[in-house]
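S.K.: Sharing a sequence plus its predicted fold:
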Amino acid sequence: MPPQLCFSFLPPDPTLPIPLSIVITSAISSMPEAVSTAETATDGEPSTPLSLLRAVTEVQERRISIWREYDDAFDQFLDPAQSSSTSAPAPVNGSQNNDSSSTTTNGRGCAGCSTTTVPLSSRLLAQILQLTTQALIECGHRLRAIQTELSHSTHPELATLVDRIQSKENALLRNVVQRDQLRKTIYKPDSPNDLDRDNNDSQTETLAQLETTIDEIRSDITELMQDVYAESLDLQQ
């Protein structure tokens, strides 16, 4: 499994910040719709539909860890005085597995990387977002590879389920970035001139709409992961 992200001690990158929407649009557009089945093969042995669904769950669990670290970093950016270690956010990608032991005890998850009290700059936050996006893109590549294998398995209908999950994850990523870009504008403008008070009400309304959309997408992913769990149980019978 690829190493977990660690944001706490990232050096500043003088080429940043890059507008968040550009980072995400470019990253998602580079994600292939499908990749070779060779990427998911292990020691030359063909994967079974059950093992592939288990792999889907593993990908989603990794997404939980990635999103938690990003959320911790952004919360620290908005409120440096608030310790990220005092909160344990719920999974944001809809997985029903809420076991956080792997991300809180081995120093590779958010608890191991986000306990610094050093304030985060806009420049560093943009760099964190790039790393987050790259990690999520890797998850997307993996899920597309699983989708391809399922489409050639004895249960090709499961490929559609995986496709729906990845499509929802892409939508989640886009909306979270839009929301956080707006949160940054409202709550942490780069300069007083960046805060247009005449548009504050409109921005607040847009922010609320984005929050609603994000909640709906997460709910949809939760239902899809429940379907994955149900299909896995059926395959074990």
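M.R.: Looks like it arrived, so ask away.
S.K.: Gln181: which element?
M.R.: Assigned by DSSP states H and E, Gln181 falls within helix 158-187.
S.K.: Please read the previous query as pertaining to Asp220.
M.R.: helix 200-236.
S.K.: for Thr148, phi and psi?
M.R.: For Thr148, the backbone dihedrals are phi -60, psi -40 (criterion: degrees, to the nearest 10).
S.K.: Residue numbering should commence at 20 henceforth.
M.R.: Fine by me, first position is 20 from now on; the one you just mentioned is Thr167.
S.K.: thought it was touching Ala178?
M.R.: Yes: at 7.4 Å, Thr167 counts as touching Ala178 under the criterion of C-beta atoms under 8 Å. All C-beta spots, glycine's among them, are computed from the backbone N, C-alpha and C.
S.K.: Low-confidence regions, this protein specifically.
M.R.: Scanning the chain with the threshold set as pLDDT under 70 gives 20-64, 101-137, 209-218.
S.K.: Could you rerun that using 90?
M.R.: Scanning the chain for pLDDT under 90 picks out the ranges 20-66, 83, 97-145, 148, 203-223, 256.
S.K.: neighbours around Thr232, how many?
M.R.: 17 (other C-beta atoms under 10 Å).
S.K.: ok, now which ones touch it?
M.R.: Asn194 (C-beta atoms under 8 Å, 6 or more residues apart in numbering).
S.K.: Please tell me how far it sits from Ser141.
M.R.: Per C-beta to C-beta, to the nearest Å, Thr232 is found 25 Å from Ser141.
S.K.: can you check Thr225 too?
M.R.: Plainly put, Thr225 is 20 Å away from Ser141 if you go by C-beta to C-beta.
S.K.: angle of the helix or strand encompassing Leu150 against helix 177-206?
M.R.: Leu150 is located in helix 141-170, with elements delineated by DSSP H and E. Here helix 141-170 runs at an angle of 170 degrees relative to helix 177-206 (axes from the mean of the first three to the mean of the last three C-alpha atoms, to 10 degrees).
S.K.: Check whether the residue lying closest to Leu254 once chain neighbours are set aside sits in a helix, strand or coil.
M.R.: Spatial nearest neighbour of Leu254, chain neighbours left out: Leu69 (4.3 Å); criterion: C-beta to C-beta, 6 or more residues apart in numbering. Recorded secondary structure, Leu69: helix (DSSP: H, G, I helix; E, B strand; the rest coil).
S.K.: Isn't Leu69 up against Leu252?
M.R.: No: if you go by C-beta under 8 Å, Leu69 and Leu252 don't touch, sitting 9.8 Å apart.
S.K.: Which one's more surrounded, those two?
M.R.: It is Leu69, of Leu69 and Leu252, that has more neighbours when counted by other C-beta under 10 Å, with 17 against 11.
S.K.: before we move on, the earlier item: what packs against the helix holding Leu150?
M.R.: On a contact count with 3 or more C-beta pairs under 8 Å, 6 or more residues apart in numbering; DSSP states H and E, helix 141-170 meets helix 39-48, helix 68-97, helix 177-206.
S.K.: mind listing what's buried in the last one?
M.R.: Along helix 177-206, these residues count as buried under the neighbour rule (16 or more other C-beta atoms under 10 Å): 177-178, 180-185, 187-205.
S.K.: what's the answer for stretch 157-174, then?
M.R.: 158-170, 172, 174.
S.K.: Convert it to PDB, retaining C-alpha atoms only.
M.R.: Presented in PDB, the C-alpha positions along stretch 157-174 are these (Å, rounded to 0.1, in the frame of the first residue of the first chain):
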ATOM      1  CA  GLU A 157      -4.100   7.100  -7.000                       C
ATOM      2  CA  CYS A 158      -7.200   5.700  -5.300                       C
ATOM      3  CA  GLY A 159      -9.200   6.500  -8.400                       C
ATOM      4  CA  HIS A 160      -6.700   4.700 -10.600                       C
ATOM      5  CA  ARG A 161      -6.900   1.700  -8.400                       C
ATOM      6  CA  LEU A 162     -10.700   1.700  -8.400                       C
ATOM      7  CA  ARG A 163     -10.800   2.000 -12.200                       C
ATOM      8  CA  ALA A 164      -8.500  -1.000 -12.400                       C
ATOM      9  CA  ILE A 165     -10.800  -3.000 -10.200                       C
ATOM     10  CA  GLN A 166     -13.700  -1.900 -12.300                       C
ATOM     11  CA  THR A 167     -12.000  -3.200 -15.400                       C
ATOM     12  CA  GLU A 168     -11.300  -6.600 -13.800                       C
ATOM     13  CA  LEU A 169     -14.900  -6.900 -12.600                       C
ATOM     14  CA  SER A 170     -16.200  -6.200 -16.100                       C
ATOM     15  CA  HIS A 171     -14.300  -9.300 -17.300                       C
ATOM     16  CA  SER A 172     -15.300 -11.400 -14.300                       C
ATOM     17  CA  THR A 173     -18.100 -13.800 -13.700                       C
ATOM     18  CA  HIS A 174     -20.000 -10.900 -12.200                       C
END
